[in-house]
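Visitor: What follows is a predicted structure for the sequence shown.
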Amino acid sequence: MNEARRRGEERRGAVRALAAEVPRIAGLALGKYGFGEAQLVTQWEAVIGAELAAKLAPDRLSFSRGERRNGTLRLRVASAFAIEAQHLEPVIIERINGFFGYSAVGRIVLVHGPMPQPAPAAPRLRPLDSREKQALDQRLEAIADPDLRAALGRLGAAVIGSRRS
């Protein structure tokens, strides 16, 4: 009973930053590709560096049955960079294992193919005119918590600003 109640409180709990929830949410989707640690994908650039991240993309991480060490990481690589990536394999493995804190990756398999396209940039929001700003402020004045009011104000400005004038 206590466990169920605790879980219920977590669902109704405080507002959390989206970044804090990404590993849990992405872990479910990425788990089928061997990325039980979603942080490898979400922080790929920080793990291996911006220069290599632009030329390499993680595709799949697989382990021997029952093991979580010395796995095989498949990396997507543009054909023109494949030879250089092959020579950099020890450096790449060292950076990834340093990130995990243990020998998670033992070898790398390069898969030739086009690199994934970056996500499109977010659309630019237009500034609110004085009438829209005033209407939004009126809706938010009843909210006592200043942090919540500020967050809802940013959300409202984004929603209104995304509409065509």
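Guide: Right, received. Where do you want to start? What you are looking at is a predicted structure, and each value in this text was computed from that prediction instead of being measured.
Visitor: distance of the residue nearest in space to the middle of the chain from residue 88?
Guide: Central residue of the chain (CA atoms, centre = their mean): residue 42, 3.6 Å from the mean position. For residue 42, the distance to residue 88 equals 22 Å [CB to CB, to the nearest Å]. Glycine gets a C-beta too; all of them are placed from N, C-alpha and C.
Visitor: the strands in this protein, which residues?
Guide: 56-62, 71-77, 105-112 (DSSP state E).
Visitor: Any stretches of this structure with poor pLDDT?
Guide: 1-38, 119, 165 (pLDDT under 70).
Visitor: Name the single longest helix found in it.
Guide: Assignment by DSSP state H gives helix 146-162 as the longest helix of the chain.
Visitor: And that one, how far out from the chain middle?
Guide: How far helix 146-162 lies from its chain's middle: 23 Å, per CA atoms, centre = their mean, to the nearest Å.
Visitor: same check, this time on stretch 56-73
Guide: For stretch 56-73, the distance to the chain centre is 19 Å (CA atoms, centre = their mean).
Visitor: mind listing what's buried in it?
Guide: For stretch 56-73, burial by neighbour count (16 or more other CB atoms under 10 Å) applies to 56, 57, 58, 59, 60, 61, 63, 71, 73.
Visitor: Just name the closest of those residues to residue 127, please.
Guide: Nearest to residue 127, judged by CB to CB, of the buried residues of stretch 56-73 is residue 57 at 36.5 Å.
Visitor: Next one: that closest one from residue 95, what distance?
Guide: Residue 57 is 15 Å from residue 95, where distance means CB to CB.
Visitor: Perfect, that will be all.
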